[in-house]
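In: Next comes the sequence, and after it the predicted model I'd like to discuss.
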Protein chains: 2
Amino acid sequence: MYEAFLSYIQDYSVTPLSEADKETLTRNFTLKKYRKKQFFLQEGEVCRYHGFVLSGAMRQYSVDDKGVEHVIRLSIENWWVGDRESFAMSTPSIYNIDAWEDSEVLVAEKDRFNEMLQIPAMAEMTRKLDEKHAFALQRRVNAAISLQAEQRLEELENTYPLLLQRFPQHIIASYLGITKETLSRIRNQAAKKNQE
Amino acid sequence: MYEAFLSYIQDYSVTPLSEADKETLTRNFTLKKYRKKQFFLQEGEVCRYHGFVLSGAMRQYSVDDKGVEHVIRLSIENWWVGDRESFAMSTPSIYNIDAWEDSEVLVAEKDRFNEMLQIPAMAEMTRKLDEKHAFALQRRVNAAISLQAEQRLEELENTYPLLLQRFPQHIIASYLGITKETLSRIRNQAAKKNQE
DNA sequence: CGCGGGTTTGATGATGCTCAAGCCCGGTGG
DNA sequence: CCACCGGGCTTGAGCATCATCAAACCCGCG
């Protein structure tokens, strides 16, 4: 059960995991199962867990004053899930996270997580991943302020094609910051263009 | 000249800086001066330097296919400047960075920078700052996809009031992802509302 | 068969963009 | 000392993009 996770860490690190490290990791990460629609985190709560998705699909979103959901982040197998800010600062989150499909997640609480950062491979992976995450966010900000809806879709298709296969269109639309109707129209136009 | 920088590091770290550390830092960070409009980085180049702004103001922006500039990030005294992605990965940057005001910047090349991460206080500061930066980006993404122009302005006013004082409106508008005309109208309306 | 979740289509309207003109103000040079 | 110029800000009119609202459709499933 932990193999996928352990080999994920190895892939991201040059330092190998000792047997003791593996033991520490499997002891401190516990498996949680979430059924479709079940919450991992609700707005206003402090995010107690940071998790690694073994299977399934989860979504993180905010809700505006009109009650509309805005998808901030999507996680599938081999991605992390959690609100980093709330987790690190122990402040109430402004986001909700729930399971879009039935999911299995390896979670760790903050103290445990920090302990495990003593493991060189774990520290290295976390650092690299945080970096990668920051780069992705930077690009997403750039896309959001400088591109039109259609170009943002293209960018997403190039960056995370998996997400498009995995989530329904109205979720993708929300992720892009547009409505499902607009996304539907864009796709039809794009399809026509490609036919020509 | 380096005092401001050294005390900045101390502020962000629990580990103190030894005299040897200070010597290493001052030796590896070199002062560069940029005159207004001078480039720190141009699109297509690899970002060779990561810098700490001692004085002045700098802007990072992308240019779209119509030639319009989109401000991604603004840096003033005691902020960092540079394209982290290009710097870390040694890939050509998609951004430009130039001086908005005459500026003094302490810069370090990648090798030197990585060396200095051996210094505990420097490593700690970098980690905390990267974290903080990631949180800010997350919030900016959220704002971009879920808020209207007026609310985005409010958020900026609350988060970085200094930027509003320091940069002209058309720069702020670009940072918010709107045109200068729209920003102007929003501000007038907001002013009227507050009068009532 | 009917229901729920998702997608599509159409009509209408708001938000924000574009283009163009005018204004304000500080700086420079005649 | 004034004229002019550049940079920035404002205002207006028309327009594009995208949101909203409503209805129909599609399809897998109990």
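Out: In hand now; what should we look at?
In: so what pLDDT did the residue nearest to the spatial centre of chain A get?
Out: Nearest to the mean C-alpha position of chain A, counting by CA atoms, centre = their mean, stands residue A:75 at 3.4 Å. Looking at residue A:75, its pLDDT reads 97.
In: Adjacent strands (with direction) for the helix or strand containing it?
Out: Taking DSSP states H and E as the definition, one finds residue A:75 inside strand A:69-76. Strand A:69-76 has its sheet partners listed here by DSSP bridges as strand A:57-63 (antiparallel).
In: now stretch A:145-154, how far from the centre of its chain.
Out: 21 Å (CA atoms, centre = their mean, to the nearest Å).
In: for stretch A:89-103, same thing?
Out: 10 Å.
In: and it, how far apart are its ends?
Out: End-to-end span of stretch A:89-103 (CA to CA, to the nearest Å): 26 Å.
In: Just the buried residues of it, please?
Out: For stretch A:89-103, a neighbour-count test (16 or more other CB atoms under 10 Å in any protein chain shown) marks A:93-101, A:103 as buried. In short, each C-beta sits where N, CA and C put it, glycine included.
In: before we move on, what about stretch A:102-117?
Out: Judged by neighbour count using 16+ other CB under 10 Å, the buried positions of stretch A:102-117 are A:103-108, A:112-113, A:116.
In: Need those residues in TSV (columns: secondary structure, pLDDT and distance to chain B).
Out: Formatted as TSV, these follow (DSSP: H, G, I helix; E, B strand; the rest coil; pLDDT from 0 to 100; distance: CB to the nearest CB, whole Å):
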residue	secondary structure	pLDDT	distance to chain B
A:103	strand	96	22
A:104	strand	96	25
A:105	strand	97	20
A:106	strand	97	22
A:107	strand	98	20
A:108	strand	98	17
A:112	helix	96	18
A:113	helix	97	13
A:116	helix	95	16
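In: Relative to residue A:182, which of the residues you listed is nearest.
Out: Nearest to residue A:182, judged by CB to CB, of the buried residues of stretch A:102-117 is residue A:103 at 28.9 Å.
In: got the contact list for the nearest residue to the closest one once chain neighbours are set aside?
Out: Nearest non-adjacent residue to residue A:103, counting by CB to CB, 6 or more residues apart in numbering or on different chains: residue A:56, 2.5 Å away. Neighbouring residues of residue A:56 by CB atoms under 8 Å, 6 or more residues apart in numbering or on different chains: A:34, A:76-77, A:99-105.
In: What is the neighbour count of residue A:54?
Out: Residue A:54 sits with 20 neighbouring residues when counted by other CB atoms under 10 Å in any protein chain shown.
In: tell me the contacts of it?
Out: A:1, A:4-5, A:31, A:77, A:103-106.
In: ok, 6 Å please
Out: Counting by CB atoms under 6 Å, 6 or more residues apart in numbering or on different chains, residue A:54 touches residue A:104.
In: by how many degrees do whichever helix or strand it is part of and strand A:57-63 diverge?
Out: If you go by DSSP H and E, residue A:54 is part of strand A:49-55. With axes from the mean of the first three to the mean of the last three CA atoms, to 10 degrees applied, the angle from strand A:49-55 to strand A:57-63 works out at 140 degrees.
In: Mind jotting down where the strands sit in chain A?
Out: Remark: strands assigned in chain A by DSSP state E are A:30-34, A:39-41, A:49-55, A:57-63, A:69-76, A:80-81, A:96-99, A:103-109.
In: Understood, closing this out.
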